[in-house]
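>>> predicted model and sequence below, questions to follow.
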Amino acid sequence: MSNQYLSFQLDKFVFGINLTSIQEVMGQKEITILPGTPDFMKGVINIRGQILPVIDLRIKFDIALSPPTIDSCILIVDVAYDSEQYLVGLIVDSVHDVVELNQELIEFAPEMGNVVDSRFIEGITQIDDEFCTLLNLGTTLSINELLVGANTEPISLEIT
Amino acid sequence: MPNDNHPNFIVDTDTELATVRMVGEIRVHTAVALKELLLEQLNSVPSVQIDMSSVELIDTAVIQILVAARNYADITQKKLSIEPISASVSEVLQMVGIHKTLSTSEQASL
Amino acid sequence: MNNLREVFLDEAQDLLEDLEEAFLELDDDRQNKDIVGRIFRAVHTIKGSGSMCGFNNLADFVHEFETMFDLVRKGQVAVTGDLVEIGLQSHKLMSEIIDNDDHISPTLRDANNKLLERLLTHAPEDLNALPESLTEEVEEDDRAARFYRINFVPHEDIFMYGANPLSLLKSLAMLGDCSFIGYTESIPPLDEIDPATCYLSWDIIIETTELESAIIENFEFVKNESDLHISLIDGDSEYDEDYKRIGEILVDRGDLSKEEVEAIFAGKPLAGELIAQSGLLPQASIDAAIVEQERVRKTQTERKQKSASDNIRVSSSRIDAQMDLVGELVITLASLHDVTAESTNSKLNAIVEKLDSLVTGIRDNVLGIRMLTIGTTFSKFKRLVRDLSAEQNKQIELVTEGADTELDKTVIDQLNDPLVHLIRNSLDHGIELPEDRAEANKPEKGTIRLAAKHAQGHVLIEINDDGKGIDPDVVWAKAVENKITDANNRPSDEEVLQYIFEPGFSTAKEITNISGRGVGMDVVKRSIEALRGSILLSSELGVGTTFTLQLPLTLAIIDGLLVKVGSESLVIPLAMIVECVETKKESLSSSKGGQMIRVRDSLIPCIPLQNWVGNQPDLSEEVQIIIVSIDDQQYGLIVNDVVGQQQIVIKSLGNVYKTIEGVSGATILGDGSVALILDVPQLISLFNVGKGEIDVAEELGE
């Protein structure tokens, strides 16, 4: 793990992801819908022949939805969890900066009162007087977590 | 006759067939006795069977006797079959490359 | 270092497979020195590479087997059923040690020790003296073997000196692989023989890595009582295309002069026979020459084969990566075709044409590399059948056919579990106990036949047993009991049998440790279908049961129909499609269970894929219905548009999507976007289509 983090914006919140996990930052792309998956799973994209899932972090974290802007982009992150390794795309509002954070600047997240479930948080820090939530990608994007809330109801045969 | 009570040979004779059963280790010092015994049987009955299923060991001299018996039987037009044979005999016959020479005509036709 | 370890694990896997196979073969052919040699080499390599990669416990354990099989190889220990059994168990333990990363648990150690103790009961008493010399000999083994022709003529009086030429030949046989030709011509008839005279002499062709001095040493004891001639037949391990002709050998041996041979030949063909007819030489001399010729030729061909099978080990992940790249190439080519379609530049078009054929060539080539013979899978089953039939006191022979049938590696890998299940099923429920078979006038030994063959772009695998068959009445009763079907409407026996593939069905009266434990035939069927294959069952009561699997040759590229549902592109495997029907939305007839389309005389339930895809605008007036067939039942998939038929490069979606239903994979289209490939049977099961509604629909249609 390096001390460098990439910070990005979701609604009015700032998040950070350790730079070693970031593969690529790319603009918006046409996403192929993956039926029967949870709402936050927007679908799949093709990155140089590899097909990977794209997740809308606003939906995943229950943050108010808003239409994409010109700044919206997809972060391609490398997730290593439970001996599995895979790439996932994350839709975020905008990307800020790469920041250097010494370990002593990072605090443990309190049990309550966080922007997101504390399971998903690696630590909390402050960047330019703003709180920044550092995400634990392993727990946020574990395979089980990616499937939470999938539709299991039979599908209607009615046509519209 | 001295052969009848030789510890390594058991002979069972009727008018048509003599069965010579060999037992244990048969070596050069038994070869003379074996020669006499086989000669006697081949001369007295039309068909001789040598049962070697209980033979534990044979040496070169004994193999020679068997080949000689085969030759003699061919000349005198007697039937000689050497079977069954034990695994150790079979192994030796294979090893000296003369199992073909020894096998009876019936076996050969198999 | 890690890399080395991986190579070892890979290699060990192969060696263990080979080892198991060799033990099973050895059981049938206990005298076969080649098999013993194979076992010894496999064990030796496992030990050597194992200790190099830090598998010391493994190496220690294997060491004893190496020692034992070295003795077997030298003829000092005989192959017995028990030894084979020990070998097979040792194979199991070795696999376990490797699986546990060389860690030996107390239970495993206990098992190891017990087996080693049992192994030692086979050792000759002076075993302890032997292991030291082992490494040396193995190194010698790696040296190229040479052929020597040995002419051994004992003197007439050799017996007087207490020598037995036979025992010398026995000890000679330990130096290498020998062919013996004994000269019996001098032996007189029985009445003339002197039992104390030695008449026999020998020619021996020996293939050995030992030096000539070792051979001379072997006869040292009788050097004054015999004549010994040793000549190196061919020193090098490389031989000319043809080894010497019989005539040349005889001249070489000094049996005949060159002139004599030429005189006999005088333009005639078959040397050996002619010389024999000529009566110049006893048959044994000619035999000796023939043996020599055969031996050397055989070794030559073996060497040739060995160099021909000089393969490169490539990890399958690299081939997968290659396949990915080829997939990319195919996709890129598709976009190139799109761009150049309107071009009138004939030079450009010619280049694209050329590129097209090259890419097709590369694609076929890589697909070919991924093809493996199914034989390796088959040989695993031999062990399974052997072990399980013994456990159940049944006598069963596994007969395999078409082991060289090639299938995509992925298919073979995923085929293993279903096949194990089917074979276990035959073993457990099919083949009867010997006494029951005898009573039914069948041979006590049952047969399970496992056959693979190619048929029309597919691979057919048949698992057939000559057991008691499956009783359709029992199946029917069970199906009714488990509410799988409607009790009042019994179809034909053959159709009834297929109920065993329904979820929650099991005819086993009691649960054994082989089959009938939870996992049912429905799982087998699903795994076969996941490979885009199908499974059929036929059975005759008292005669036997046959399962027939039909599988695609490859999973990498399929023919698919590209369709549009709203904004999304989807691929339907062409193999499932019966026809496409264009119709208007309002011409679909509604029923309680949804929409129906009338195609000729039947009403087919329709499935609106847009409801599955979600977030799509309403259907337009004009729709396309893709009629697909699953288990003789037809369904219509409602889509907006049919784009066309094309070759689809399948991309696995990986574990992240494992639980996503209705999708078997994805592909990348010419424009770089992703299209999902539908798993049609699974997809249909997601909709609320039940058998009941179909019946209603059929009634409506009448």
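Arrived safely.
>>> do you know how far residue A:18 is from chain C?
Relative to chain C, residue A:18 is positioned 21 Å away (Cβ to the nearest Cβ, to the nearest Å). Where C-beta positions appear, they are placed from N, C-alpha and C, glycine not excepted.
>>> so which residue of chain B comes closest to chain A?
Nearest to chain A, among the residues of chain B, is residue B:87, at 55.1 Å (Cβ to the nearest Cβ).
>>> look at that residue and report its pLDDT.
Residue B:87 is assigned a predicted lDDT (pLDDT) of 84.
>>> tell me how many other residues crowd it.
11 (other Cβ atoms under 10 Å in any protein chain shown).
>>> again with residue C:567
Neighbourhood size, residue C:567 [other Cβ under 10 Å]: 13.
>>> could I get the pLDDT score of it?
The predicted local confidence for residue C:567 is 86.
>>> kindly report the same for the one 3 residues further on.
Looking at residue C:570, its pLDDT is 94.
>>> mind listing what it touches?
C:562, C:563, C:564, C:609, C:613, C:639, C:675, C:676, C:677, C:678 (Cβ atoms under 8 Å, 6 or more residues apart in numbering or on different chains).
>>> which residues in chain A form helices?
A:57-60, A:137-140, A:143-146 (DSSP state H).
>>> do the last one and chain C meet at all?
Yes - residues of helix A:143-146 contacting chain C under Cβ under 8 Å from any Cβ of the partner chain: A:143, A:146.
>>> average pLDDT for that helix?
When pLDDT is averaged over helix A:143-146, the result is 79.
>>> check the first one too.
Mean pLDDT, helix A:57-60: 90.
>>> next, see if that helix gets close to chain C.
No - using Cβ under 8 Å from any Cβ, we find that helix A:57-60 stays clear of chain C, coming within 13.3 Å at best.
>>> in chain A, where is pLDDT below threshold?
The model of chain A has pLDDT under 70 over residues A:1, A:149-151, A:160.
>>> re earlier: now, which of the contacts of residue C:570 lie close to chain A?
C:613, C:675, C:676.
>>> neighbours of the second one, just the number please.
Translated: residue C:675. Residue neighbour count, defined by other Cβ under 10 Å, stands at 22 for residue C:675.
>>> what's the answer for the one 3 residues further on, then?
Burial of residue C:678 is recorded as 27 neighbouring residues (other Cβ under 10 Å).
>>> quick one: the strands in the chain?
No chain specified, so I'll use chain A. Remark: strands assigned in chain A by DSSP state E are A:4-10, A:13-18, A:22-26, A:41-47, A:50-56, A:73-81, A:84-92, A:94-100, A:121-127, A:130-135.
>>> actually chain B
With DSSP E as the criterion, chain B has strands at B:9-13, B:17-26, B:47-58, B:79-85.
>>> show me what the longest one is packed up against.
To tie it back to what came earlier, the one meant is strand B:47-58. When contacts are defined as 3 or more Cβ pairs under 8 Å, 6 or more residues apart in numbering or on different chains; DSSP states H and E, strand B:47-58 sits against strand B:17-26, helix B:28-44, helix B:60-75, strand B:79-85, helix B:87-95.
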